[in-house]
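Asks: model the following, please.
(chains A and B)
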Amino acid sequence: NAGVTQTPKFQVLKTGQSMTLQCAQDMNHEYMSWYRQDPGMGLRLIHYSVGAGITDQGEVPNGYNVSRSTTEDFPLRLLSAAPSQTSVYFCASRLLLGDTQYFGPGTRLTVL
Amino acid sequence: ELKVEQNPLFLSMQEGKNYTIYCNYSTTSDRLYWYRQDPGKSLESLFVLLSNGAVKQEGRLMASLDTKARLSTLHITAAVHDLSATYFCALRRGQIQGAQKLVFGQGTRLTINP
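Replies: Sure, this is the predicted structure:
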């Protein structure tokens, strides 16, 4: 099992550019989520999904879009990047009724 | 709104000493989690605490939960350098089974000096 994988590991964008952060898991987990981590603020939930075709907003969804067409993949889209989106992004997954959440290695994004 | 507060936020200690990290939360929850994060790395699950009075131990780390006080503690016994990391507590919230979300504390950066 590869677990939860994320690409890219690092990315630098200019303000206004768009990009997609990729997340995949091979554990057949129904629940997938995206968090951002900023210094001194812990992790904050951006969007989550309880299964293919079902997504919902977390605490800080503005500026981000998600979709879930398969169980395995849960991409996060930035349509028009802003400096405030400079952060480390983590994808995570778990079984729908499970307790253990598995985190990906993270993507460090810088928006200039 | 569920708020989760950890203290201290920074902790520097000597090897061999004992210390405790505190996690206070504002509303009831049925799950409390502790995670560890090494610098530049992802989060690793340490403990899941389910009920009042729950205590779990792994090596030099022991976590406990007091739901009446809305408090969890992570106790470090005879600290060693390898335990240097940032520790997060997180609580599960939401009514819909399976769709609950995690709310994280700010994290406690622990540095253990030889």
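
Asks: can you pull the contacts of residue B:20?
Replies: By C-beta atoms under 8 Å, 6 or more residues apart in numbering or on different chains, the contact set of residue B:20 is B:73-76. Every C-beta, even on glycine, is put in place using the N, C-alpha and C of the backbone.

Asks: so who does residue 30 touch?
Replies: All of this refers to chain A. Residues in contact with residue A:30 (C-beta under 8 Å, 6+ apart) are A:50-51, A:71, A:95-96, B:98.

Asks: hm, I was asking about chain B
Replies: With C-beta under 8 Å, 6+ apart, residue B:30 has these contacts: B:50, B:92.

Asks: how near is it to residue A:99?
Replies: From residue B:30 across to residue A:99, the span is 10 Å (C-beta to C-beta, to the nearest Å).

Asks: show me the contacts of residue A:30 that map onto helices.
Replies: The helices, defined by DSSP state H, take in nothing from these.

Asks: what's the per-residue pLDDT of the nearest residue to residue B:38 once chain neighbours are set aside here?
Replies: Leaving aside its sequence neighbours, residue B:38 sits nearest to residue B:85 (C-beta to C-beta, 6 or more residues apart in numbering or on different chains; 5.1 Å). According to the prediction, residue B:85 has pLDDT 97.

Asks: now do the end-to-end distance for stretch B:33-49.
Replies: Stretch B:33-49 has an end-to-end distance of 6 Å (criterion: C-alpha to C-alpha, to the nearest Å).

Asks: strands of the chain, start to end?
Replies: If you meant another chain, say so; for now it's chain A. Secondary structure of chain A (DSSP state E): strands at A:4-7, A:10-13, A:19-25, A:31-37, A:43-51, A:54-57, A:64-66, A:76-78, A:87-94, A:102-103, A:107-111.

Asks: actually it's chain B I care about, not the one you picked
Replies: Assigned by DSSP E, the strands in chain B fall at B:4-7, B:10-14, B:19-25, B:32-37, B:43-49, B:55-58, B:61-66, B:71-76, B:85-93, B:101-104, B:108-113.

Asks: related to what we said a few turns ago, ok, now which ones touch the residue nearest to residue B:38?
Replies: With C-beta under 8 Å, 6+ apart, residue B:85 has these contacts: B:36-39, B:110.

Asks: any idea what it is bridged to?
Replies: residue B:110 (DSSP bridges).

Asks: coming back round to it: which members of the contacts of residue B:85 are classed as buried?
Replies: Neighbour counting by 16 or more other C-beta atoms under 10 Å in any protein chain shown classes B:36-37, B:110 among the contacts of residue B:85 as buried.

Asks: chain A contacts on chain B?
Replies: Applying C-beta under 8 Å from any C-beta of the partner chain, we find that chain B lies next to chain A at B:4, B:9, B:31, B:33, B:41-45, B:48, B:88, B:90, B:97-99, B:101-107.
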